[in-house]
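Trainee: structure of the sequence below:
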Amino acid sequence: MSKNGTQRVLLVKHWIDIHDRGLRLIATRCKDAGFEVVYASYSRPDEVVKMAVQEDVDVIGMSFFTSAYEEHLPKVMQGLKENKMGHVMVVLGGVIPDEDHESLKAQGVREIYGPGSDINGFIELIKAEVKK
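Mentor: Next comes the predicted model:
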């Protein structure tokens, strides 16, 4: 959380994914909701963790168009734990099959948003979970 009490959100996408329309929309909506947003495209897991630590974020939103989450999520979660950032809420978005949701949540993902999800739900989750 920033020094002024504003929630800090890091939004990233997998380094080879070319999609970003949804992530850009979410970044705009987060800014409109008063959050501080760090937007980074084409990020590898070690880069995500490094940015999360440097920016002292409250939330990491990762977007995937491929199944790269299977490899990236465990590395990000481990990196957060190693850096004493286990309190950071991690959410995923993009094209993630329903059958993978349970496994991803068991790894620590708070919520998963797919195409057509209500962005207001994401905003409200951050407001409710990350106290000012």
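Trainee: just the pLDDT for Tyr113.
Mentor: Tyr113 is assigned a pLDDT of 93 by the prediction.
Trainee: give the bridge partners for the closest residue in space to it that isn't next to it in sequence, please.
Mentor: Spatially, and ignoring its direct neighbours in sequence, Tyr113 is nearest to Gly93 (4.3 Å; Cβ to Cβ, 6 or more residues apart in numbering). Where you see a C-beta, it was placed from the backbone N, CA and C, and this is true even at glycine. With DSSP bridges as the criterion, Gly93 is bridged to Ser63, Tyr113.
Trainee: all further residue positions should be reported with the first residue as 40.
Mentor: Got it, the first residue is 40 from now on, which makes the last one we talked about Gly132.
Trainee: show me what contacts Val130?
Mentor: 98-101, 148-152, 161, 164 (Cβ atoms under 8 Å, 6 or more residues apart in numbering).
Trainee: got these as TSV, with secondary structure columns?
Mentor: Formatted as TSV, the contacts of Val130 follow (DSSP: H, G, I helix; E, B strand; the rest coil):
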residue	secondary structure
Val98	strand
Ile99	strand
Gly100	strand
Met101	strand
Val148	strand
Arg149	strand
Glu150	strand
Ile151	strand
Tyr152	strand
Phe161	helix
Leu164	helix
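Trainee: highest neighbour count among those?
Mentor: Within the contacts of Val130, Ile99 tops the neighbour count with 27 neighbours, counted by other Cβ atoms under 10 Å.
Trainee: that one reaches Val51, doesn't it?
Mentor: Yes: under the criterion of Cβ atoms under 8 Å, Ile99 makes contact with Val51 at 7.1 Å.
Trainee: identify the contacts common to the two.
Mentor: Common contacts of Ile99 and Val51 (Cβ under 8 Å, 6+ apart): Val87.
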